[in-house]
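> kindly return the folded structure for what I paste below:
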Amino acid sequence: MTSLRDIVNKIDDHLYFGNYRSATDEQTLNKHSINRVLTLMSGGIPEYKRYPNIEYFTVEVNDDINEDLLTHLEITRQVIAEGHRKGQNVLVHCAAGISRSGAAVTAFIMHKYRKTFDEAIEMIVLRRPLAGPNRGFKVQLRLYEQLDYTLDANNPKLRQYLLDRFVVSNRFDSYYDRLKYIESLSTPQYGQQYLCRQCNQLVFHDIHVIQNSSIVDNNDTNNNTTKCSDLYIEPQIWMKKLICHQYYMLDSDSQSSPTCPLKCLHCQQTIGSYKQHFSTFECNCDLHRGLSCLQFKIDLQSLSK
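Numbers count the residues shown, from 1 in each chain. Presented below is the predicted three-dimensional model:
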């Protein structure tokens, strides 16, 4: 007997929503004339369970509240949209057909119809009652709505998301990888250059300066905004080797967070500081209040423009 979980549900024109079992069942695929399968799970569908008349695409994500799905939503949208343009019926699935695929389908409907998260998920649940992104994915989908369904590297909210998702937990390699991908989707407006005063090496740009995105969005930097003299930046690609070396050399038994010098990679001039274990600096000014990613403090006196 076929369970509710194994049923494939039509969500929109050429768009179907199911689970792993339905995505590997030839009878089910033929019944719905599926020509393209989008899998959201680690490993994807193995070759021996694939059929020659179907195109397969895999986005490797786990069903975990801490998993990054947001930065994958553009590729999932493109896979579905391309299938539509070709007149293909697209089946989107994960393991159970609930959370990961539910989030991807929701994001597609949000983008296509300019719907809010609440409107899109309501539409989808009417067609597939099992649909239910986990709470971490729901937060990301609401952010996707705030980003106007676009992954634009110039948006400070998106850059803040990457910092919170990866850098706070010291997953620098993942951060660099996802930031590079996001920046490939748009044309970053880097702004003013900041150079090492001693050797003239590029250190960072305006776009890398960390500030409270709500204040930046509202242009609320008037006289009523409390500011400090400190400047914090996102991790730079030139820091990669230094960060890895320092991270593995840290004394894991140390309970303190002494400040370590951040040096120019080219001339070794001290240009700022960071804390041991990459713990965050605390600042209560309006530009930095509530931010958990103030890990790299810059000494402006050591720089030139």
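> all contacts plus neighbour counts: C-alpha atoms, from now on.
Fine.
> hmm, which helix or strand of the chain has the shakiest average pLDDT?
helix 213-217 (a mean of 66; mean pLDDT, DSSP states H and E).
> past it, which element shows up next along the chain?
Using DSSP states H and E, the helix or strand that follows helix 213-217 in sequence is strand 231-232.
> which strands or helices does that next one pack on?
Judged by 3 or more CA pairs under 8 Å, 6 or more residues apart in numbering; DSSP states H and E, the packing partners of strand 231-232 are strand 297-298.
> so what's the backbone phi/psi at the nearest residue to Val8 once chain neighbours are set aside?
Using CA to CA, 6 or more residues apart in numbering and skipping residues adjacent in sequence, the residue nearest Val8 is Gly18, 4.6 Å away. With angles defined as degrees, to the nearest 10, Gly18 sits at phi -150, psi -160.
> can you check Leu143 too?
With angles defined as degrees, to the nearest 10, Leu143 sits at phi -70, psi -40.
> give me the pLDDT for it.
In this prediction, Leu143 carries a pLDDT score of 98.
> how close does Asn43 get to Arg135?
One thing to correct before we go on: residue 43 is Gly, not Asn. Distance, Gly43 to Arg135, using CA to CA, to the nearest Å: 23 Å.
> around the residue nearest to Val8, how many other residues sit close by?
By the criterion of other CA atoms under 10 Å, Gly18 has 26 neighbours.
> that one and Leu294: what is the separation?
42 Å.
> before we move on, what about Gln78?
Distance from Gln78 to Leu294, by CA to CA: 34 Å.
> of the two, who's got more company?
Legend: neighbour count by other CA under 10 Å for Gln78 and Leu294, higher for Leu294 (25 against 12).
> in this structure the more buried one contacts Ile233, no?
Yes. Judged on CA atoms under 8 Å, Leu294 makes contact with Ile233 at a distance of 7.5 Å.
> joint contacts of those two?
Residues touching both Leu294 and Ile233 (CA atoms under 8 Å, 6 or more residues apart in numbering) are Ile210.
> just the helices from the protein, written as ranges.
Here the chain has its helices, by DSSP state H, at 20-23, 26-31, 73-85, 100-113, 117-127, 135-146, 156-162, 172-184, 213-217, 240-249.
> would JSON lines of these with distance to Asp64 be doable?
As requested, these are exported to JSON lines (distance: least, CA to CA, whole Å):
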{"stretch": "helix 20-23", "distance to Asp64": "17"}
{"stretch": "helix 26-31", "distance to Asp64": "28"}
{"stretch": "helix 73-85", "distance to Asp64": "16"}
{"stretch": "helix 100-113", "distance to Asp64": "9"}
{"stretch": "helix 117-127", "distance to Asp64": "19"}
{"stretch": "helix 135-146", "distance to Asp64": "7"}
{"stretch": "helix 156-162", "distance to Asp64": "16"}
{"stretch": "helix 172-184", "distance to Asp64": "16"}
{"stretch": "helix 213-217", "distance to Asp64": "26"}
{"stretch": "helix 240-249", "distance to Asp64": "26"}
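> most tightly packed of the ones you listed?
helix 100-113 (a mean of 24; mean count of other CA atoms under 10 Å).
> can you tell me what sits against it?
Outside helix 100-113, the residues within contact range by CA under 8 Å, 6+ apart are 17, 39-41, 61-63, 73, 76-77, 80, 92-94, 115-117, 120-121, 124, 131-134, 137-138, 141, 144-145, 149.
> can you tell me which residue is nearest the centre of this structure?
When CA atoms, centre = their mean is applied to the chain, the residue found nearest the centroid is Thr71 (3.6 Å).
> my read: that residue touches Arg178, true?
Yes. Judged on CA under 8 Å, Thr71 makes contact with Arg178 at a distance of 7.0 Å.
> where does the prediction get shaky in the stretch 201-305 of the chain?
Counting by pLDDT under 70, the ranges of the stretch 201-305 of the chain that qualify are 215-224, 244-257.
> burial count for Pro131?
Actually, residue 131 is Ala. It isn't Pro. By other CA under 10 Å, the residues close to Ala131 number 25.
> can you name the residues that contact it?
Ala131 touches Gly97, Ile98, Ser99, Gly102, Ile124, Val125, counting by CA under 8 Å, 6+ apart.
> between those residues, which is nearest Lys10?
Of all those, Lys10 sits closest to Ile124, with 9.3 Å by CA to CA.
> how about that closest one: what's its closest non-neighbour residue?
The shortest distance from Ile124 to any non-neighbouring residue, by CA to CA, 6+ apart, is to Ile11 (6.4 Å).
> distance of the residue nearest to Ile298 when sequence neighbours are not counted relative to Tyr232?
In space, Ile298 comes closest to Gly272 once its chain neighbours are excluded; the distance is 4.1 Å by CA to CA, 6+ apart. Per CA to CA, Gly272 is found 9 Å from Tyr232.
> pull the residues that contact stretch 195-207.
Under CA under 8 Å, 6+ apart, the answer for stretch 195-207 is 154, 189-194, 233, 236, 264, 266-267, 269, 271, 302-305.
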